[in-house]
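> fold the following for me, if possible:
(2 chains)
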Amino acid sequence: MSSNFYVQCAGVSDVLEVTLAKVTDAELVEVSNELALGLSLDEMKVVQAYFKSEGRNPTDVELQTISQTWSEHCCHKTFKGKIVFEGKEIDSLFRTYIARVTREIDAPWCFNVFEDNAGIVKFDKGYGIAAKVETHNHPSAIDPFGGAANGIGGVVRDIFGVWADPIACTGVSCFGPLDFDYNKLLVGVKHPKYLYRNVAAGLSFYGNNLGVPLVNGAICFDESFIGNVVACCGCFGLLPLDKYFKNAKVGDYIVMAGGRTGRDGIHGVTFASAEIMVDKSREVHNPAVQTSNPLAEEKLGRAIMILRDQRLASAITDLGGGGLSSAVGETAERYACGATVDLSKVPLKYLGLAPWEIYISESQERQLFIVPPENLEAALSVFEQEEVEAAAIGQLIKERRLKIVYQGSFVADVDMSFLFNVPIATKQAALAPCMFTEPEFAEPVDLTLTLMQLLGMPNIASKESVVRTYDHEVRGNTVLKPFQGKYAGPNDAAVLKPLDNSWKGLVVSCGVNPNYGKIDPYWMAASAIDEAIRNNLAVGGRRIALLDNFIWGNPEKPERLGSLVRACQACYDVAKAYRTPFISGKDSLYNESQMGPVTPTLIITAVGIVPDIRSTVSMDLKTSGNLLYLLGNTYPELGGSEYYKLNGYIGVSVPKVQPSKARKAYYNLTKAIGYGMVKSCHDLSDGGLAVAAAEMAFAGNIGLTLDLKAISNKAIKRNDFLLFSESNSRLLIEVSPKDRYDFEALMKNSCTLIGETTKTEELQIHGLNNDLIVDAPLLELRAAWKKTLSAEA
Amino acid sequence: MKNKNIKVCIIRVGGTSCDVETARAFQELGAQTEIKHVNELVKQDSLLDYNLLVFPGGSSFGDHIRSGVVFARTLYAKLGKQIEQFIAENRPILGISNGFQTLIEYGLLPGFEGIGQQQPQAVLTTNNPQGFKCQWVYLKNENKGNCLFTNQIPQDKILKIPIAHSEGCFLFPPGKEKSLLQKLVDNDMLVLRYCNENGAFANQTYPANPNGAYHDIAGICNKEGTIFGLMPHPERAMYWWQEPDWTTKTHTTPYGDGKLIFENILNNIILTQKQ
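Numbering: from 1, shown residues only, chains lettered A, B, ... in the order given. Predicted structure coming up:
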């Protein structure tokens, strides 16, 4: 470090004064880089001007606090800032598209959205469901086990952060192809297989030891994830709504509890707000990933529930990105006060941490509480009984300033209004043209073989070898598990029964399809929303709320931002049409490395309810002699499909969504499920009709015969396109012949009878010219589906 | 005496996670059930107020050393005297999954030499094939009537209950397997064995035997039949809607097979009280 700018503060060790007053622009950038602040020149100038007005130089504690508060990760500059796109200025993507859906739908069952650590919807008997989904991509690229484990740990603490008891987790992860050539990897990039195994192990380790079931998720493979692994963890919690306390006031104590603070997780947020430099990743970024200790979190959770039930605290928030700096600052800001913090009182893992490190460390399993003075003793004794370390480290004060003390001296004293008035630059967005064309190739002769190959494609193949390593039924409330039927078919959504005295169920599903994002981010996002919703509907879910997770490249690059704008537009259009509000979300940007940017990916998590879990439906065929209906229309939409991928193409005919049409059909399907007419139901997604039909058949070990002529239409003249098109808003529905009349009357023209279940254990599909184009024993189909990933875990 | 007069204590420590659903199973059957942290029990000094102790599933103390070992040592150190008296009075103890590991580490199971011995005589070790597994298994009741937790369940009855663990492979010390197994059988301490859905024993093959346990052992009891440990989770097979295949069935009973075990011990506690 060039020593010119740094002076040891008098009277307090390990604190530097940074002489910003007279430095040049170039030197401002140098300071930002040397202290790893991640602040731009414009931002540094604002900082410089502020301290000039205060008549002194900043300390390193102050600069680091500002850096954390202003980071993309903490204040979401891209989603909240201004963007110029196609000649128009968008003032906040978040407000213009995401929050607007929720505001316009204005659902009375949305209890608390976007404001707190997690979104909360009303459930039953005075209880609410809290939901949060977060990505942990950057840490998982460096340390996949720790990154994924902390992904669970962090999102569970968000649920604690609204006083909810975690009842289920989800995990969506994306990797490069497992058979990727080692020799093509850049130095520092970990092989997809290593990442795959360790992310799975991390999720399993943390969730299982914590005792929260992991009930739903997805695993995707694509080359763009080689340098940018995706680890996305969700958590759902149950809380009595009358115990949702958020009424902190001046004079209340700031108490931190849980794990001790160490040097792990320094600069996590600034690291997550930049591209990964793969060749330096080990030495530069390793300190940014925390160690994880699910035992500490389990104990912390017990103490939190006791504090809640005894009403001992006035507010709670998790210590996540930005550590104390974010938690203290945001809490004081929320309750319109200031704060004093004494860093000497923070319990440390080991000696030698500088005050700025203590203040921004992201060590795991820590939670911040605001406790009224009269409850402090009682609160601390709860922690003691649960063997959780806790300390009062400060107080909320009336003066709107953040004052940090260390060894008896002030090491920071900043105006709150300056700290939270983040300077946000206007960003430019542009659309990149699509680079692909629609392929032309002959229809394969042996479509049975093609179906077998598709079932073995990594995105479609059974993930059982991984999913069985997650405890999906601890707490004993998992009603619909990840695998259904005697032969473990892939379930569309998980159903939980959170309350002992109610049959009402919680339905959790997800939607993700990165491949479409290569062609068109708008339809990729629209498809993800439709998929999440129809997965939820398939088991009987309704009253659906959505959570968004944007995984994008560097938003400073106009074409990355342009595709983000398009995806946000789709979120508004589709969610509005389906009347499914967003209740929480998170963006993970800067997913780029020297191996390129991530494919723009929107992960949608859908949370529905089912009035009575006894009416939920699974995806396995139930008995022979039943009728099979296809809900929705099939179009020549194979762009980004698994079928094109199998043939080495991407194409451009990406699946679109017509929500106004689909919504009516969906509504009637929910009714049919409620009436008990639906014996099984399965969503059509990757691999289209043929894959979904095969999965239903081999899961239940019930034969099936289909006739493509029933769905023939002018636009599609090919059997393979009818079999493997990935058009959205389609589901397969098994109905007993005795319900035929009622079902058809209810569904009107939205469903087509395409086949029936049989006694032979085979899948048989007749093509447009009556030929038998698919003819395979269920045993073989199942084996093809199970084989690919069976030994990879 | 009715179930409502029976007091059940579910003991928890940091890392316990299956206490609530285990308590729910006993409450469903009408027993008074309390979940108590070890620290509370130490303060209360009242273990003998209870008719049944349960060591539930989870990963006590993070299972950092060996599953259940720290839980066992903690119980011994903090509540050892009370537990000794509890057992001496023939009051029953149930250990599920991590609780079974704890009973083994404590030396209470198999407990050939009675209580007070310090060395475990068996081990529940890393699964073979390795790794955490969450799946449903079939178990056959092999007990001839000694075990107070299964003696009303017909012999050879097949139960369907899930497992969720990474260290559930039951082994005896090398070289002593046969003699110790003989001892188990002779004293009617063998209770549950892994089998397939038709009742044929798994013969240590996956997946019917999910962890490679010797002789397909899934659960054993002590000589007196009062202490019972099992790797599967009966509390997750209490209600029909917890079963993995309920959507394929029409239901005649509101309960799953796990209930049989809880009901069995409560019935026996009532019988003992009457005598």
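
> just give me the neighbour total for A:Arg260.
17 (other CB atoms under 10 Å in any protein chain shown). Bear in mind the C-beta positions are built from the backbone N, C-alpha and C, glycine included.

> that one: what's it in contact with?
A:347-349, A:363, A:389 (CB atoms under 8 Å, 6 or more residues apart in numbering or on different chains).

> what about it, distance to A:Leu723?
For A:Arg260, the distance to A:Leu723 (CB to CB, to the nearest Å) stands at 58 Å.

> output the longest helix belonging to the chain.
Here I'm looking at chain A. When secondary structure is assigned using DSSP state H, the longest helix within chain A turns out to be helix A:558-578.

> wrong chain, I was asking about chain B
Assignment by DSSP H; longest helix in chain B turns out to be helix B:69-88.

> and after it, which helix or strand comes next?
strand B:93-96 (DSSP states H and E).

> which elements pack onto that following strand?
Packed against strand B:93-96, as judged by 3 or more CB pairs under 8 Å, 6 or more residues apart in numbering or on different chains; DSSP states H and E, are the following elements: strand B:52-55, helix B:98-106, strand B:227-230.

> what residues does that strand touch?
By CB under 8 Å, 6+ apart, the residues outside strand B:93-96 that reach it are B:18, B:22, B:52-57, B:86-87, B:101-103, B:108-109, B:149, B:226-230, B:232-235, B:265.

> surely B:Gln119 is in contact with B:Gly107?
Yes: distance between B:Gln119 and B:Gly107: 6.4 Å, which falls inside the contact criterion (CB atoms under 8 Å).

> which of these two has more neighbours?
Looking at B:Gln119 and B:Gly107 with other CB under 10 Å, you find the greater number of neighbours at B:Gly107, namely 21 against 7.

> what number of residues lie near A:Ala432?
As a burial measure, A:Ala432 scores 12 neighbours (other CB under 10 Å).

> how far away is the residue nearest to it when sequence neighbours are not counted from A:Val565?
Leaving aside its chain neighbours, A:Ala432 sits nearest to A:Glu559 (3.9 Å; criterion: CB to CB, 6 or more residues apart in numbering or on different chains). Between A:Glu559 and A:Val565 the distance is 11 Å, computed by CB to CB.

> for A:Asp492, see how far away the residue of the stretch 551-700 of chain A found nearest chain B is.
Ranked by CB to the nearest CB, the top residue of the stretch 551-700 of chain A for proximity to chain B is A:Ser618, at 4.0 Å. A:Ser618 is 9 Å from A:Asp492, where distance means CB to CB.

> between those two, what contacts are shared?
Overlap of the contact sets of A:Ser618 and A:Asp492 (by CB under 8 Å, 6+ apart) consists of A:Val539.

> please say which of the two ends up with more neighbours.
In this view A:Ser618 and A:Asp492 are compared by other CB under 10 Å, and A:Ser618 has more residues nearby, 31 against 28.

> secondary structure element holding the more buried one?
A:Ser618 is located outside every helix and strand, with elements delineated by DSSP H and E.

> verify the contact between it and A:Phe483 for me.
No: here A:Ser618 does not reach A:Phe483: they are 9.6 Å apart, not a contact under CB under 8 Å.

> okay, and the common contacts of the two?
Applying CB under 8 Å, 6+ apart, one finds that A:Ser618 and A:Phe483 are jointly contacted by A:Asn491.

> low-confidence ranges in chain B?
Confidence mapping of chain B against pLDDT under 70 gives the ranges B:1, B:116-118, B:251, B:275.

> any idea where the helices of it begin and end?
With DSSP H as the criterion, chain B has helices spanning B:19-28, B:38-44, B:69-88, B:98-106, B:177-186, B:258-274.

> in helices, which of the contacts of A:Arg260 appear?
Filtering those for helices - DSSP H - leaves nothing at all.

> I'd like to know which of these are buried.
Buried by 16 or more other CB atoms under 10 Å in any protein chain shown: A:348, A:363, A:389, out of those.

> gap between the residue lying closest to the last one once chain neighbours are set aside and A:Lys403?
Across the structure, with CB to CB, 6+ apart as the measure, the residue nearest A:Glu389 apart from its sequence neighbours is A:Pro347 (5.4 Å). For A:Pro347, the distance to A:Lys403 (CB to CB) stands at 21 Å.

> how about A:Ile551?
Following CB to CB, the distance that separates A:Ile551 from A:Lys403 is 38 Å.

> neighbour count: these two, which is higher?
Between A:Ile551 and A:Lys403, counting by other CB under 10 Å, A:Ile551 is the more crowded of the two (26 against 18).

> these two touch, right, that one and A:Leu602?
Yes: taking contact to mean CB under 8 Å, the distance of 7.5 Å between A:Ile551 and A:Leu602 places them in contact.

> touching chain A at all, stretch B:197-211?
No: no part of stretch B:197-211 sits near chain A under the criterion CB under 8 Å from any CB of the partner chain; the closest distance found is 9.4 Å.

> chain A contacts on the stretch 1-150 of chain B?
Proximity of the stretch 1-150 of chain B to chain A is assessed by CB under 8 Å from any CB, with B:14-18, B:20-21, B:24, B:37, B:39-40, B:57-59, B:61-64, B:131-135 identified as the residues in range.

> other residues contacting the helix or strand containing A:Ala665?
Secondary-structure assignment from DSSP H and E places A:Ala665 in helix A:659-674. By CB under 8 Å, 6+ apart, the list of residues contacting helix A:659-674 from outside reads A:530, A:533-534, A:537, A:540, A:542, A:573-574, A:577-579, A:611, A:615, A:617, A:631-632, A:678, A:681, A:728-729, A:731, A:733, A:735, A:743, A:746-748, A:750-751.

> return the distance of the residue of the stretch 1-150 of chain B found nearest chain A relative to B:Lys178.
Among the residues of the stretch 1-150 of chain B, B:Ser17 lies nearest to chain A; the distance is 2.3 Å by CB to the nearest CB. With the distance defined as CB to CB, B:Ser17 ends up 36 Å from B:Lys178.

> and stretch A:75-84, end to end?
Taking CA to CA, to the nearest Å, the span from the opening residue of stretch A:75-84 to its closing residue is 19 Å.

> please disregard the earlier target; I meant stretch A:365-381.
Counting by CA to CA, you get 19 Å between the two ends of stretch A:365-381.
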